[in-house]
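Undergrad: Dropping a prediction and its sequence here:
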Amino acid sequence: MAATTARPSVVPKKDLESFQEHLNKSTRILALLGAGLSASSGLPTFRGAGGLWRTHDATSLATPEAFGRDPGLVWQFYSYRRHMALGVKPNPAHYALAELARKKNFLTLSQNVDGLSPRARHPADKLKLLHGSLFDVKCSDFFCDYLEKNNYTDPIVPTLAIPTDESDPTTNSALAARELDISDENVAIPELDYDHLPKCPKCKRGLLRPGVVWFNERLPSDVLEDVDTWMDEDDIDLIMVIGTSAKVYPAAGYVDIARRKGARVAVINMDKGDAPASGLYSRDWFFEGDAAQIVPELLKSVIGETNTEELSDAAQ
Ligand code: OAD
C-alpha cells in the first residue's frame with residue numbers, strides 16, 4: 001500500500017478555518033480570476049515580469065488600433081500566446097474551481113483568455129469569459145458576424161508557424177529542430193501582410209482576428225447580461241479575487257458590486273500590494289502566495305482533495 005503524504009498547509013490555520021466556515025455555509029459565491037491563476041502553469045502575467053513581448057508592452061498590442069496598423073505583428077503575438085497556452089496544462093487551482101462549480105451555486109468571471117479553465121472542464125454555464133478566448137477567432141470586418149469557437153489549430157495558418165532555427169547544428173531532424181523563441185528580440189519577426197494572414201471563410205474579405213476583448217472595446221454583451229442576471233438574483237456571500245491586479249475595468253468593478261450585495265472578499269495573490277482598489281475590511285481575507293497551491297487548500301472543505309493526476313485535460 002502506498003503511503004499518503006499529507007500536503008503541507010500553505011495558509012495560516014486561523015484564516016483557513018474562518019474562511020472555510022464561511023465557504024461551507026455560503027450559498028452564492030463569485031470569483032474573479034486573473035493571469036496569476038495560470039502563472040504556475042507557466043504563462044506570464046501582464047503586469048509582472050514577462051509582461052513584455054520582445055520590446056512591446058503586451059497591452060500595447062491588445063488594441064484594435066494596433067491590429068489596424070500592423071495585423072501581422074499582432075497576429076504573431078497572439079499566435080505565440082496560443083502556442084504557449086497549448087503547451088502548458090491547467091494547474092490544481094483550475095481543477096479545484098471547476099469542482100466547486102459542480103458543488104455550489106458558484107459563478108466564475110475570468111479575465112483569462114488562455115483556455116485553461118475550459119480545459120480543466122469548468123462547467124461552461126458557470127464560467128463567464130469576460131475577455132473572450134485566444135481560441136475563438138472572428139472576422140475583423142465590421143459588417144461580418146463570423147465567429148468560430150474553440151479553434152485549437154496551431155499555427156492557425158502556416159505562415160504564423162514559430163520559426164525554427166535551421167542553422168542550429170543540432171537541427172538534423174524535424175524533432176530536433178529548436179523552436180526559436182519569438183519573444184526574443186534577436187529573432188527577426190517576418191513581416192506579414194494581408195496575403196499571409198487568416199481570412200474570413202464567410203465574407204472572404206475581412207481578416208480573421210483573435211476573439212479576445214481588446215482595450216477600447218466593449219465586453220461581450222451576452223456575457224455581461226448573464227453576469228448581471230446572476231448578480232441580480234439574490235445576495236452574494238463570498239467573492240474570491242484570484243491572481244488579478246484588479247486594475248482593469250469593468251472586470252475589477254465586480255468586486256465592489258459583490259461587496260454591495262453582502263459578499264465577504266477573499267483575495268489570493270502573490271503580492272500583498274494587489275488588494276482591490278476599495279481595500280479590504282476586517283471581515284475579508286488576504287491569502288498571500290501561489291494560487292495553484294492556496295486555492296485547492298481553501299476549497300478542500302467543500303470539494304475534498306484535488307488530485308490533478310486523476311483529472312483530465314479536455315484538450316487531450
Ligand atoms: P495582471 O498581470 O495585471 O495581474 C496578475 C496578478 O497576479 C498580480 O496581482 C500578481 O501579483 C498576481 N500573481 C502572479 N503570480 C501569481 C500566482 N502564482 N498566484 C497568485 N497570484 C499571482 O493580470 P490581470 O489582473 O489578469 O486584459 O490583468 C487583467 C487584464 O489586463 C487582462 O485580462 C488583460 C490585461 O491587459 C485584456 O487584454 C483586455
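TA: Looks like it came in fine.
Undergrad: mind giving me the domain split of the chain?
TA: Described in terms of automatic domain parsing, the domain architecture of the chain consists of the residue ranges 10-42+91-131+219-316, 44-87+133-212.
Undergrad: With respect to burial, which of these scores highest?
TA: Mean neighbour count (mean count of other CB atoms under 10 Å) peaks for domain 10-42+91-131+219-316 among the domains of the chain, with a mean of 19. No exception for glycine: its C-beta is placed from N, CA and C like everyone else's.
Undergrad: related to what we said a few turns ago, just put the domains of the chain in TSV and tack on mean pLDDT.
TA: Converted to TSV, the domains of the chain look like this (pLDDT from 0 to 100):
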stretch	mean pLDDT
domain 10-42+91-131+219-316	94
domain 44-87+133-212	78
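Undergrad: Out of these, which is closest to the ligand?
TA: Proximity to the ligand, assessed across the domains of the chain by CB to the nearest ligand atom, is greatest for domain 10-42+91-131+219-316 (2.3 Å).
Undergrad: So that closest one, near the ligand or not?
TA: Yes. Judged by CB under 6 Å from any ligand atom, domain 10-42+91-131+219-316 comes into contact with the ligand at 34-36, 39-40, 111, 131, 243-245, 248, 268-271, 274, 290-291.
Undergrad: Can you give the distance of that domain from its chain's centre?
TA: Here the centre of mass of C-alpha atoms in domain 10-42+91-131+219-316, compared against the chain's by CA atoms, centre = their mean, to the nearest Å, lies 12 Å away.
Undergrad: now the helices for the stretch 51-200 of the chain?
TA: Secondary structure of the stretch 51-200 of the chain (DSSP state H, counting those that start in this stretch): helices located at 64-69, 71-86, 92-103, 116-119.
Undergrad: Kindly reformat those as CSV containing distance to V11.
TA: Converted to CSV, these look like this (distance: least, CB to CB, whole Å):
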stretch, distance to V11
helix 64-69, 40
helix 71-86, 28
helix 92-103, 13
helix 116-119, 22
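Undergrad: right, so of the ones you listed, which gets closest to D234?
TA: Each of the helices of the stretch 51-200 of the chain was scored for nearness to D234 using CB to CB, and the closest is helix 92-103 (17.4 Å).
Undergrad: For that closest one, name the packing helices and strands.
TA: Judged by 3 or more CB pairs under 8 Å, 6 or more residues apart in numbering; DSSP states H and E, helix 92-103 is in contact with strand 28-33, strand 105-110, helix 116-119, helix 291-303.
Undergrad: what's the longest one in contact with?
TA: The set of residues external to helix 291-303 that reach it, using CB atoms under 8 Å, 6 or more residues apart in numbering, is 7, 9-11, 16, 19-20, 23-24, 36-37, 39-41, 91-93, 95-97, 99-100, 103-104, 240, 242-243, 266, 268-269, 287, 305-306.
Undergrad: May I have the beta-bridge partners of the nearest residue to E233 once chain neighbours are set aside?
TA: Spatial nearest neighbour of E233, excluding adjacent residues (CB to CB, 6 or more residues apart in numbering): R28 at 7.7 Å. The bridge-partner assignment for R28, based on DSSP bridges, gives N105.
Undergrad: What of the one 4 residues further on?
TA: In this structure, L32 bridges to L109, V241 when assessed by DSSP bridges.
Undergrad: In this structure it contacts S245, no?
TA: No. Contact criterion CB atoms under 8 Å: L32 and S245 do not qualify, at 11.1 Å.
Undergrad: Unless I'm misreading it, E288 sits right up against A266, doesn't it?
TA: No. Contact between E288 and A266 fails when scored by CB under 8 Å: they sit 11.8 Å apart.
Undergrad: which residues does the spatially most central residue of the chain contact?
TA: Taking CA atoms, centre = their mean, the centroid of the chain lies closest to N112, which sits 2.1 Å from it. For N112, the set of contacting residues under the criterion of CB under 8 Å, 6+ apart consists of 33-35, 37-38, 129, 131.
Undergrad: What about these, which are in strands?
TA: Helix and strand membership here follows DSSP state E; of the contacts of N112, those in strands are 33, 129.
Undergrad: Can you tell me which of the contacts of N112 is nearest Y146?
TA: Distance from Y146 was checked for each of these by CB to CB. The minimum falls on L129, at 18.5 Å.
Undergrad: give the contact list for the residue nearest to that closest one when sequence neighbours are not counted.
TA: Excluding the flanking residues, the one nearest L129 by CB to CB, 6+ apart is S110, at 5.6 Å. Each residue near S110 by CB under 8 Å, 6+ apart is listed here: 32-33, 117, 127-131.
Undergrad: Isn't M84 up against S38?
TA: No. With contact taken as CB under 8 Å, M84 and S38 are classed as non-touching, separated by 10.2 Å.
Undergrad: ok, now how distant is P276 from A258?
TA: To A258, P276 is 10 Å away according to CB to CB, to the nearest Å.
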